[in-house]
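Participant: Here's a sequence, model it:
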Amino acid sequence: MNNRMRRMRRVLATQRQIERLSLWHLIGTEAHISDLKERQHQLISFTHAEFALSNALRASIMRRLERLGEALIEARSQSEALRTRHWEEKRRLRRAERLTRILERHAMREEASRHLAEVLELTAHQIRKLPASSL
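Facilitator: Residues are numbered from 1 along each chain as shown. Model (predicted):
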């Protein structure tokens, strides 16, 4: 049981690290989405503020807005995939925690059973040593 507990605790520790990494990736992607939205907003604000833009500059800004829009769509898709992955990792972590608790309770019960068996054996041994007249 001891080896089994050590392995389960290693699995639990690894699962915690994986869950933490998936959360960091998700947070990074969300920050990237926020940055893309901000840049997109700045370009739109600039085009609205500057009426006298040349057609070439306006076309360049529109191409850049298109690329930002595509990057935003890709980042949102990636964020959704990472969110799903994070929830899966979180479920795995909870399962590993639950299994670890079960194994720990089982180990405690086995230890208590062993201890009780030792006490009973010791008591039986002491009773056998007593003279027959004292029973």
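Participant: Could you list the low-confidence segments of this protein?
Facilitator: 1, 50-53, 132-135 (pLDDT under 70).
Participant: middle-most residue in it, spatially?
Facilitator: residue 19 (2.0 Å; CA atoms, centre = their mean).
Participant: what about that one, is that helix, strand or coil?
Facilitator: Look at residue 19: counting by DSSP: H, G, I helix; E, B strand; the rest coil, its state is helix.
Participant: Isn't it up against residue 88?
Facilitator: No: applying CB atoms under 8 Å, one finds residue 19 not in contact with residue 88, separated by 9.4 Å. From N, CA and C alone the C-beta is placed, and that goes for glycine too.
Participant: sorry, back to before: quick one: residues contacting the residue nearest to the centre of the chain.
Facilitator: 86, 89-90, 92-93 (CB atoms under 8 Å, 6 or more residues apart in numbering).
Participant: Could you pick out the longest helix of the chain?
Facilitator: In the chain, with assignment by DSSP state H, the single longest helix is helix 55-129.
Participant: any idea how far that helix is from the chain center?
Facilitator: Between the mean C-alpha location of helix 55-129 and the chain-wide mean there is a distance of 5 Å, by CA atoms, centre = their mean, to the nearest Å.
Participant: before we move on, what about stretch 36-56?
Facilitator: For stretch 36-56, the distance to the chain centre is 40 Å (CA atoms, centre = their mean).
Participant: Same check on stretch 33-49?
Facilitator: Computed by CA atoms, centre = their mean, the separation of stretch 33-49 from the middle of its chain amounts to 33 Å.
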